[in-house]
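> Test case, fold it:
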Amino acid sequence: MNILALAHQTGVRLAEIGFLLVLFAGVWLAAAQVPRLKLGTARTIVAGVALAIAGVLLIIATHWGHFG
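A predicted model of the protein is given here:
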């Protein structure tokens, strides 16, 4: 019995958002390493949270959204 099922298009959209968050996190991690920019630790934390959310979205898109 499938409690949660998503349409294919919804799965694709979730995956797109997940990949966009991965891109954002990569840029944010690079910005955290620039010494002239402030709040390096905070930028690293934001990037880590973005990666975690992206991972969850990609798992949902793959498992229930029929992406892939």
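
> how far does stretch 59-68 stretch from start to finish?
This stretch, stretch 59-68, spans 11 Å end to end (Cα to Cα, to the nearest Å).

> List the buried residues for stretch 33-45?
Across stretch 33-45, burial judged by 16 or more other Cβ atoms under 10 Å covers R43, T44. In short, each C-beta sits where N, CA and C put it, glycine included.

> For that stretch, list the C-alpha coordinates in CSV.
Extracted C-alpha coordinates of stretch 33-45, given in CSV (Å, rounded to 0.1, in the frame of the first residue of the first chain):
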residue,chain,number,x,y,z
GLN,A,33,36.4,30.4,2.4
VAL,A,34,37.0,34.0,1.2
PRO,A,35,38.8,35.7,4.1
ARG,A,36,37.5,39.2,3.2
LEU,A,37,33.9,38.1,3.5
LYS,A,38,32.6,38.0,7.1
LEU,A,39,30.6,35.2,8.8
GLY,A,40,32.5,32.3,7.4
THR,A,41,31.1,29.9,10.0
ALA,A,42,27.5,31.0,9.5
ARG,A,43,27.9,30.6,5.7
THR,A,44,29.2,27.0,6.3
ILE,A,45,26.2,26.2,8.5
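
> So which residues make contact with it?
If you take Cβ atoms under 8 Å, 6 or more residues apart in numbering as the criterion, stretch 33-45 is touched by W28, L29, A31, A32.
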